[in-house]
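Colleague: Kindly return the folded structure for what I paste below:
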Amino acid sequence: MQGRFHSLVFHQYSTLIRQVVYSNKICNRSVVLSYKVLGEGVTEEPPIFLLHGLLENKKLWESIGKIIFNLTKRSVVAVDLRNHGDSPQVNSHKYEDMASDLLNLFKKLGVEQASLLGHSMGGKAAMCLALISPLKIAGILVVDISPVSTSVHYRDEYPQILTAMKAVDFKNARKENHAKKEAENQLKTVITDNYLLNNIITNIKEKTDQTIGWTVNIDVLLKHIPYIANFPKSMKGKKYFGPTLFVGGQLSELIPPDDLTYIRHYFPRAVITYIPKTRHYVHIDDPTSFLELTISFIRTHHYKRHFKPPALLTNTVVREKCTAINVAHRIHGPSPSPGSLPIIVLHGCLGSKKNWEKICNYITVSTYKTVIAVDARNHGDSPYTANHNYHSLAADVSKLMSKFSIEQSIIIGHSMGGKTGMVLALTEPSKVASLVVVDTSPVSIPGTLADEYPKIMKAMTTVDFKGMDLESARDLAKNKMMQHNLFHSEHDLQNILVNIGKLADKSIGWKYNLKTLMNTVDDIISFPNMFGRTYKGPTLFVAGRLSYAIPPEDLRGIRKLFPGACLVYVEGVGHHVHAEDPNTFLDTITQFLSDNSKIQTKFNSQHCVSIQKQYSLKQIIRTRASVVDLAHKIHGPGLTPDSEPILVLHGLLGSSRNWQSMCKKITEYTNKPVVAVDARNHGDSPHSDAHSYLDLAADVSQLMTKLQIKRASIIGHSMGGRTGMALALAEPSRVANLVVVDISPVRKRTSTLSVFFPKLMETMKSVDFKGSDTLNKAKNAAKSKMVESQLFQSDQEMYFILMNIGQLPDKSFGWKCNVEAIANNFTKIASFPNLAGKIYNGPTLFIGSKLSSFILPEDITPIRKLFPKAQLVYIEGAGHNVHHDQPSAFFDTVVHALQCAQRTLATSENAEAVDLAYASYESTSSQKSAERPPLVILHGLLGSKNNWNSMSKAIHRTTGRKVISVDARNHGDSRHASQHTYIHMAHDVMKLLKKLELSKVSILGHSMGGRTAMVLSLLCSDMVSSLIVVDISPVKTSPQIFSMANLFDAMTSVSIRPGIAMSKARKLADEQLKMITPDVNLRNFLITNLVQTNSGSYTWRVNISALKDNFQSHISCFPSNLRGLQYCGPTLFVGGSLSDYIGKNDLKEIQEYFPLAELVFIDGAGHWVHSQKPEQFLETVCKFLKEK
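Modeller: Residues are numbered from 1 along each chain as shown. Okay, here's the model as predicted:
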């Protein structure tokens, strides 16, 4: 697709990243570049931009770009740089200008962050952009060019080449091919490199004026050769800390190995590798090796791992140096003996040999073989170590085999154990007779795995087992873990809980080394580089159809490592295949071990074997084949990728029209988008013969995907309520909270369902619409039949049914609902599907009616087996159509439930609040301080309570209020913690207020502290008397805040000799920080965090590691899950007139959270308003506190 790019592909990667441009030199010289999209990939990943070299163009990268797209499924864009190809020809050609062009292109395409691959000149442009705008770049791969050594080929050869090109005469050339041939003949005498000559010839093209000529701007390029040959001096002192790979041609000499030390002055994480027998055009000389390097780097740098060149290219030993340990194990069946062929079972991450006990017993009974179940290091009863990578894990298994004199074994490995087995098979193939890998791939890394495992491990660290017995500990852990809503099924949860046990010190706890596992999670979820290695033994990959851990397209990549691999899918199960459907799993394993040729024969004929599941739940909604595109209407603000809308699902024989007024009312109050949906066979949605709740839920799931909704609140009435329940149980991560209106998952039949609806549908089928050429006539025809049936007690009930009459596609009038399909599927509609074992732990409200029998009070106990957090309320005076019979009461109940659920969800990530350090300023006269609520002051990022000493005293003197200045977690004298979100910080303040026995306070927060204050007031409005927010907004994030990310790395790199005086230490720190920021005030501010330890060494008192880890995802942006909450107390926003942290037009959006908010700007102040204009700030704050 050339021309206008589909920007939606890129907008999805938006993580609120903005960028500070170091130099304003590049702001006004950019041009609009020509580009071509070679493939539109997954929206969650940053796109890859390909930048060509001097006298090249985007066409030369098309074939390689398409292969990169096919292998990575990332969007790939080839670009013509200025003065080349179809891009504009201008008078300047400097690398800073090229970087500006690319930033301009990013903006045009809506790209927030990208990976860059640049060859030669394009490599220097990529480096320049990474140094200027580091947060815009996910990683760079530079091909055969260095920022250190002068590019002598540019300096010495290209002036002659360009001069020869200029001399080519195209006047007599009538056709493009003729012109190319003529140019080739003339240039042969100057250019001896055929690759270069062919590349240059591609720059001949017929122009818009019908003449033929060069598409490169020869005169400008000649003039700028000195700039092209050298890396810009303006980049000196800048650093890019992201993943960086330099790929050199071994015969090219343009990246001397000695350059690495100097390259790392710019790119501290840079790695250089060389491809043998290649020159400058590395990607053309050896495209296979180049692509292997590229794909490997793209995958590994996305997961923030240090890239290591493939062994095939470097001839290094694949097995890294590691110390094997003696791992715990259990032998099932006969003891292993020399010459025997035992089966070794390796569990997954956060599992243990306990999880496999039953399976191991079954395997040994059915195969008569010895089965050894192993606890991996840092799991179960095995020793704990600081390292945890697949080479170490494989070495441990190899050592265990040697211990029992096992020369060869069969390996069965699940997830992490599967990758361990693969590494062992690839590094020591003679030790593996055959290999079974369960639900993991050496090629793909599923996003769910990368997202969920870190969250699960963090949640585990919050459980405190002190003084508990085993049973109590497991109950506590179960309740704690369910609060985090991280588990899709009971299997997932039990897999974790079974590994609570007695530790070495006799206490109860997790039998994992969580510290090491959390530190090495990137190593666990990705597969090490094994290019050039193969295991040719029998190999079976077994995947759960619902887990997506092994996509079918992985097979080609798998077979590069395991040529004999078979891939089998077990239908209807997820990641824990062996636990969810043990019978099918055992049958598959046994068949493979006894005669894998049967599976091989099936595989060769069918590409992938698919095995039907053998237990009652045959399908989950993600496998439904008959999904339809649902009609819908969006009320309120438009949908955005970060919005969490409300989906409204109507009841049987209803439609979205029945909910129009209620939807409008809900969106007006909550300011959230409300999507009213027509179910299949209803309203304007397509008709289908299938109509089960799993089908209906699958339709809603597809609609959410189509509308790019990651998660939504669900309100469902009757049939729509059961649809919402099915979706919540099958895909809990997509449902923020659930409101079910007058329907139960446990009560199968009521008189309405058993008698009324079947009779109603028979009556509807009997209506004859022939001759009804208007809508009124059609409704009258139906009404007469309805009255005749005597089914309705009121005209209002009949009105709901008549709303289903409308004009059909053939222009006739009739029922818009598919009466035939609904009648045929009525038994499915009348009962809830069997989803035993599934749970939804999110906030759930069931709304019943006193006049209806659809939900009885005794239903709540069985309901809570599926929905543990379910609440049941009844609305007086309403029948089955609660929302219509008592709209005001229904609206109040729903809105209250949504807000409570939102507050619950917002606080659900709260681990344990930390104790905060604080300073209190109060009068000796307690009466004077007690007259009004105390003022709590919360400082900004990298600040402390000390920054507010003088202002705290001044506010206390002026107002008489008690003033409490607080150190945030990871700052000042407060405790350090790994989490640093605004929810956590708000809970820290709540804990402090409780400790100080303060029931109501005024809050003043600056920057990060301002957002903490806002979150606290939204979550606990009753605790906040008034709110003052200083130079920060809940609406947008200033680009300036992202410059802080570079400061974390800069502070980490500061090195000070122990034992020297503090004054000298401060001076040394200032000199080192000067390289990153020229702002002396900012440096002085940072250095206030420098402290000397008891041992005489120097360190930062802020927890840089935690701040850096949480910066982009939490600190830099306001929590999106608080949208819809309000604090209705007195609120003042104070901005600096010279700062852009609060936009001049932000007030309207601010008032969506804070309806009473006022906004004032203090003239001449920047971001640090209170220190830059203290008198005006004091006057503004004290006036507000006095009046409010």
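
Colleague: Which residues are in contact with the closest residue to L493 other than its chain neighbours?
Modeller: Distances taken as CB to CB, 6 or more residues apart in numbering place F487 nearest to L493, at 4.4 Å, with adjacent residues excluded. In this view, the C-beta of every residue, glycine as well, is placed from N, C-alpha and C. Contact analysis of F487 by CB atoms under 8 Å, 6 or more residues apart in numbering lists M481, L493, I496, I839, N841.

Colleague: Any chance of the residues you listed in JSON lines with pLDDT and neighbour count as columns?
Modeller: Below are the contacts of F487 laid out as JSON lines (pLDDT from 0 to 100; neighbours: other CB atoms under 10 Å):
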{"residue": "M481", "pLDDT": "81", "neighbour count": "21"}
{"residue": "L493", "pLDDT": "80", "neighbour count": "19"}
{"residue": "I496", "pLDDT": "86", "neighbour count": "22"}
{"residue": "I839", "pLDDT": "86", "neighbour count": "23"}
{"residue": "N841", "pLDDT": "85", "neighbour count": "20"}
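
Colleague: In strands, which of these appear?
Modeller: Using DSSP state E, no member of the contacts of F487 falls within strands.

Colleague: with those residues in mind, which one is nearest to S978?
Modeller: M481 (17.9 Å; CB to CB).

Colleague: Just the element for A698, please.
Modeller: Taking DSSP states H and E as the definition, A698 sits inside helix 693-706.

Colleague: Give the other helices and strands that the next helix or strand after that helix contacts.
Modeller: Per DSSP H and E, the first helix or strand lying C-terminal to helix 693-706 is strand 712-717. Strand 712-717 is packed against strand 646-649, helix 719-730, strand 735-741, helix 887-907, with contacts defined by 3 or more CB pairs under 8 Å, 6 or more residues apart in numbering; DSSP states H and E.

Colleague: Including mean pLDDT, could the ones you listed go into CSV?
Modeller: CSV is the format used below for those (pLDDT from 0 to 100):
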stretch, mean pLDDT
strand 646-649, 97
helix 719-730, 94
strand 735-741, 93
helix 887-907, 79
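
Colleague: how many other residues sit next to E428?
Modeller: 16 (other CB atoms under 10 Å).

Colleague: list the contacts for it?
Modeller: Taking CB under 8 Å, 6+ apart as the test, what E428 contacts is A394, S398.

Colleague: one more time with 10 Å
Modeller: The contact partners of E428, taken as CB atoms under 10 Å, 6 or more residues apart in numbering, are R319, A394, A395, V397, S398, M401, Y535.

Colleague: what's the answer for H971, then?
Modeller: So H971 contacts 916-917, 939-945, 980, 985, 1008-1009, 1089, 1101-1103, 1107 (CB under 10 Å, 6+ apart).

Colleague: switch to 6 Å and redo it
Modeller: S944, V1102 (CB atoms under 6 Å, 6 or more residues apart in numbering).

Colleague: how near is it to D915?
Modeller: Computed as CB to CB, to the nearest Å, the H971 to D915 distance reads 13 Å.

Colleague: ok, back up a step: report the buried residues of the helix holding A698.
Modeller: Y693, L694, D695, L696, A697, A698, D699, V700, S701, Q702, L703, M704 (16 or more other CB atoms under 10 Å).

Colleague: Quick check: the two most widely separated of those?
Modeller: Going by CB to CB, the pair spanning the buried residues of helix 693-706 furthest: Y693 and M704, at 16.4 Å.

Colleague: Phi, psi for Q1172 please.
Modeller: phi -80, psi -30 (degrees, to the nearest 10).

Colleague: That one against D1163, yeah?
Modeller: No - with contact defined as CB atoms under 6 Å, Q1172 and D1163 do not form a contacting pair (10.6 Å).

Colleague: end-to-end on stretch 67-79?
Modeller: 16 Å (CA to CA, to the nearest Å).

Colleague: Run through who's touching it.
Modeller: 9, 33, 35-42, 45, 47-51, 58, 61, 65, 291, 295, 298.

Colleague: All the helices of the stretch 51-200 of the chain, in order from the start?
Modeller: Counting by DSSP state H, counting those that start in this stretch, the stretch 51-200 of the chain has helices at residues 62-72, 95-109, 121-132, 152, 158-167, 176-187, 194-201.

Colleague: Report the inter-axis angle for the third one versus helix 95-109.
Modeller: The one in question is helix 121-132. 80 degrees (axes from the mean of the first three to the mean of the last three CA atoms, to 10 degrees).

Colleague: what does the last one give?
Modeller: Here helix 194-201 points in a direction 60 degrees away from that of helix 95-109 (the same axes, to 10 degrees).

Colleague: sorry, back to before: min pLDDT across the contacts of E428, which one?
Modeller: Comparing pLDDT over those, the lowest score belongs to R319 (40).

Colleague: Would you mind identifying the next helix or strand past the least confident helix or strand in the chain by mean pLDDT?
Modeller: Scoring the helices and strands of the chain by mean pLDDT, DSSP states H and E places helix 8-11 at the bottom, with a mean of 31. Sequence-wise, the next helix or strand downstream of helix 8-11 (DSSP H and E) is strand 34-39.

Colleague: Format the CA atom coordinates belonging to that following strand as CSV.
Modeller: Extracted in CSV, the C-alpha atoms of strand 34-39 (Å, rounded to 0.1, in the frame of the first residue of the first chain):
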residue,chain,number,x,y,z
SER,A,34,8.1,9.1,0.2
TYR,A,35,7.5,5.6,1.7
LYS,A,36,6.0,2.3,1.0
VAL,A,37,4.4,-0.1,3.5
LEU,A,38,5.7,-3.6,2.9
GLY,A,39,3.3,-5.2,5.4
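
Colleague: For it, which outside residues touch it?
Modeller: Under the contact criterion CB under 6 Å, 6+ apart, strand 34-39 has outside partners 1-2, 5, 58, 65-66, 69, 76-80, 85-87.

Colleague: again, only using 8 Å
Modeller: Here strand 34-39 makes contact (CB under 8 Å, 6+ apart) with 1-2, 5-6, 50, 58, 62, 65-66, 68-70, 74-80, 85-87, 105.

Colleague: tell me the domain boundaries of this protein?
Modeller: What the record gives for the chain is the domain set 8-151+230-314, 154-226, 329-442+533-611, 448-523, 621-748+831-907, 758-814, 918-1037+1117-1187, 1041-1112, from automatic domain parsing.
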